[in-house]
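**Student:** heads up, no residue letters with this:
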């Protein structure tokens, strides 16, 4: 149920020619350059009035939490934040995810509060969890974490304290059963 | 609804009056109790003989609330003249119900039918430390494990 | 000279009155708990007392009495301590003129109902005192709401009573009952139905019971002006509320339902039981309202009083006066 | 206020001077009887009228998105039904379907029917909870008892099938939980429907419809309730869309949109049910939409009970689950609104990143705009009508 490609293509191409459009497993994703971020949303707002959510992914090779991403031999992980926003319409339910890559050194992107008022809280959460700065946001204060919290928890480099403190009950040295991985 | 204004108020009063005459469905707890369904996840029972200390449940538990210690023992060979067989025996098997979230992954992942669910749920304690059930107490719960319910035809 | 008949008689009467009022309030509390529970498909009090949990109000009273009586740190202690007493005394004072039977009455004042309405307005003062002195924002709001509401509903209540007084031609309670006996019909049928409706609605608001329980709106103000009270002071407020309900039901049944009179029953013997039966019926009605309806917002509540009840009461007075003269 | 002819009478001039009272800051919550959990509203109050409200959230923040990155897939599903704890299984379904899509696995028809049946049962349970708590906030405590009495029947049925009343943990990648355990004997204990479940469900759905009629008479028809809720807390449709308000709150504002009719993650197209829609988006319409949704959900459950196909409960899936690389966003119609999971997998035993789109987060982000110039008791009426749960807000 991806939006009809042709109508969407010309809607996007005049606004941001560099847009790369990919549709996989029923999820339509549009990668945009950082500079066209707000323009793309303004162009699409008439077609997709419903602001669903905005968040980010921290792409990192080594991770302090969970399993490291498996790399094919040649592929090299580009260290970056990927800011995603999801907008959809409320007639036949088409939806679209817009994403833009933000380098980790100057992690900042324009704020969408001018286009979608609902982006306010989402951007505050993303700023607090990843340390991304949203330029033009009315009051970019923390949302969830207690005031005076140091660090950005959702970054892959941020270890989960509760798992450091307590020893893992599973690593007792009884020889593993033969079949177990 | 073009009804005269007070009518809605009276309709509501009729509902409460009607319920005044019904017997309340309250179950007076200490006297008579509600029997939970057979598949209810109340407490985990341990069959120590079946356990081979494979540590799968302790590894798969999301809350890290199963603590196991075991040692190896030599057992006489199955048939005479055969090789000495070594068997791991449980020393300690504790489940900390203060941390457990009753997800049932341990019961599901155990390959040797050592863990069972029992709908028993009246084991609240005065102090939180008593919620750490040791191996002997987990064995006692085995008696309360019900027969699996008959299935829909 | 102190011990000649009058003072001793007054002392005995007041003692008897206190026993009757406290007893009546406890019965109404039990009725509210039990009837309200069954209306909600619950069992209500069960274990207190041997069966049916009849001793629940006594158990509550004892529990509250042995609770610690806290006074907030920066509260205005004298006013804080006095508020519940004023509230209870204000309610008890109303019973002076309630006639259980022609002779069974503390003092049949010829001012009768006028005195009762004056005494019952003391409750407003107590709520304001409690709200202000608890030094807690929510209590303050509860107290202000209570004051605004009680004043707004004092007027329709008085005007409704004026209707009865015109028809009966007297203020004294016993003579009002005699007038209804002479008419052969209790006033609720004999010409004062509108008055009865206004009086019951207004007394619901006076007691701040649903649908007018904004001052003790649990979901917003925790429990309004009573939030900071505990122990014996809270018991006084709690008792005052139900004594107030007893008083309102007693006055309403005397004015509109013919008081201790019931055709065919001897007034001397059956008088009190007839009155208590009518009080029970009205109390059941008020309990029924509470467990069925939500509460009004206080600006709706105010506009309901000023824009509906007061004009209605005035019209009622005019009609009664015209009929009084015409017949 | 001035009378005819524009000439301000002396008497009126004096009255129209606005009495300047100092502004009072009122803290509603985080411990407050009607904020549905630990939400704190810092309200600047002038008398009883609100100037501005600033919701403070985060008291219930458990960091689900971080926890998901540390856990394997079965462990994550055990966590997810605790996000919106009134709608247990409805939280797990979109995440499981996202993982199934990445693995290219399709749940067997019987499992899909079971998922629909249990999701609708949880919708009934969540909305019955709303039917009981909302009138309570407006002062009527009786509906609570009737609604919860019927809700017990629904929860008992859910506990009979899944073993848990609130946290069923019944979904697995590839279907629903096939057997009690992995060992020799436990694998034969199949977790299919217990005996008497279908008949019990029909009786329960009849009771649920009966309680809806009681609510119709007791609350919806009640003039006092109508006065307290009609025209209060109006959310216009485009404001709702811009803030991402979804579910019954959006439909209350007149937008006819229900994900069950649009999304293809579960065979809802085989069931016929209507979408109740309100007209002017006030508290009353949101209440009526949810009341109607219970009846529609009961209809779906009865149709599911009649038409449930036979067959296996779970498709062939390797014992140790490794989801291949890829990204996928699946959303579903949760009782509170649109619940979606953006699942990013890089091949490990657990997800690399899970963005949880919870409905209540956006539903209450509209509060600062909505509560300006509102009376204090109306705050409670509006908060209650949005029907949010703090676990959903804070994740």
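**Tutor:** That came through fine. If you're wondering where the values come from, they're calculated on a predicted model, not measured in any experiment. Numbers count the residues shown, from 1 in each chain, chains lettered A, B, ... in the order given.

**Student:** show me the contacts for residue D:354.
**Tutor:** Counting by Cβ atoms under 8 Å, 6 or more residues apart in numbering or on different chains, residue D:354 touches D:64, D:65, D:68, D:69, D:76, D:95, D:341, D:342, D:343, D:344. (Each C-beta comes from the backbone N, C-alpha and C, glycine too.)

**Student:** in which helix or strand would I find the third one?
**Tutor:** Using DSSP states H and E, residue D:68 falls within helix D:64-70.

**Student:** Could you list every helix and strand in contact with the very next helix or strand once past that helix?
**Tutor:** As assigned by DSSP H and E, the chain's next helix or strand after helix D:64-70 is helix D:73-80. Judged by 3 or more Cβ pairs under 8 Å, 6 or more residues apart in numbering or on different chains; DSSP states H and E, helix D:73-80 is in contact with helix B:105-109, helix D:64-70, helix D:88-103, strand D:171-172.

**Student:** Is the longest one positioned near chain A?
**Tutor:** Yes: in this structure, helix D:88-103 sits against chain A according to Cβ under 8 Å from any Cβ of the partner chain; the contacting residues are D:101, D:102.

**Student:** now for that helix, which elements pack on it?
**Tutor:** Judged by 3+ Cβ pairs under 8 Å, 6+ apart, helix D:88-103 is in contact with helix D:73-80, helix D:109-137, helix D:142-162, strand D:171-172, strand D:326-334, strand D:337-345.

**Student:** Alongside chain C, which residues does chain D contribute?
**Tutor:** Chain D comes close to chain C at residues D:24, D:26, D:33-34, D:48, D:135-142, D:144-146, D:149, D:218-219, D:222, D:224-225, D:227-228, D:375-380, as judged by Cβ under 8 Å from any Cβ.

**Student:** before we move on, the earlier item: can you convert the helices and strands packed on helix D:73-80 into JSON lines and add a column each for mean neighbour count and mean pLDDT?
**Tutor:** As requested, the helices and strands packed on helix D:73-80 are exported to JSON lines (neighbours: other Cβ atoms under 10 Å in any protein chain shown; pLDDT from 0 to 100):
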{"stretch": "helix B:105-109", "mean neighbour count": "21", "mean pLDDT": "91"}
{"stretch": "helix D:64-70", "mean neighbour count": "20", "mean pLDDT": "90"}
{"stretch": "helix D:88-103", "mean neighbour count": "26", "mean pLDDT": "92"}
{"stretch": "strand D:171-172", "mean neighbour count": "27", "mean pLDDT": "91"}
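
**Student:** Please identify which of the ones you listed is closest to residue A:165.
**Tutor:** helix D:64-70 (13.8 Å; Cβ to Cβ).

**Student:** contacting residues around the closest one?
**Tutor:** Here helix D:64-70 makes contact (Cβ under 8 Å, 6+ apart) with A:65-66, A:129, A:153-154, A:156, A:158, A:160, A:163, D:76, D:79-80, D:83, D:350-356, D:395.

**Student:** can you give me how far that helix is from the chain middle?
**Tutor:** 22 Å (Cα atoms, centre = their mean, to the nearest Å).

**Student:** Could you pull out the strands in the chain for me?
**Tutor:** The chain I'm using is chain A. Counting by DSSP state E, chain A has strands at residues A:20-24, A:27-31, A:50-59, A:80-88, A:95-103, A:108-110, A:133-135.

**Student:** Oops, wrong one, chain D.
**Tutor:** Under DSSP E, chain D gives strands at D:24-28, D:40-46, D:49-56, D:171-172, D:175-176, D:326-334, D:337-345, D:353-357.

**Student:** which regions of chain A sit below the pLDDT cut-off?
**Tutor:** For chain A, the stretches with pLDDT under 70 are A:1-11, A:14-15, A:173-181.

**Student:** moving C-terminal of the helix or strand containing residue C:138, what's the next helix or strand?
**Tutor:** Assigning secondary structure by DSSP H and E places residue C:138 in helix C:137-168. Downstream of helix C:137-168, the first helix or strand assigned by DSSP H and E is helix C:173-183.

**Student:** what's the longest helix in chain A?
**Tutor:** Ranked by residue count under DSSP state H, the longest helix found in chain A is helix A:119-130.

**Student:** What is the burial count for the residue in chain C that chain D sits nearest to?
**Tutor:** Proximity to chain D, evaluated over chain C using Cβ to the nearest Cβ, is greatest for residue C:295 at 3.3 Å. The number of residues packed near residue C:295 is 27, by other Cβ atoms under 10 Å in any protein chain shown.

**Student:** what about the helices in the stretch 1-150 of chain C?
**Tutor:** When secondary structure is read from DSSP state H, counting those that start in this stretch, the stretch 1-150 of chain C shows helices at C:5-39, C:56-65, C:77-93, C:113-120, C:122-133, C:137-168.
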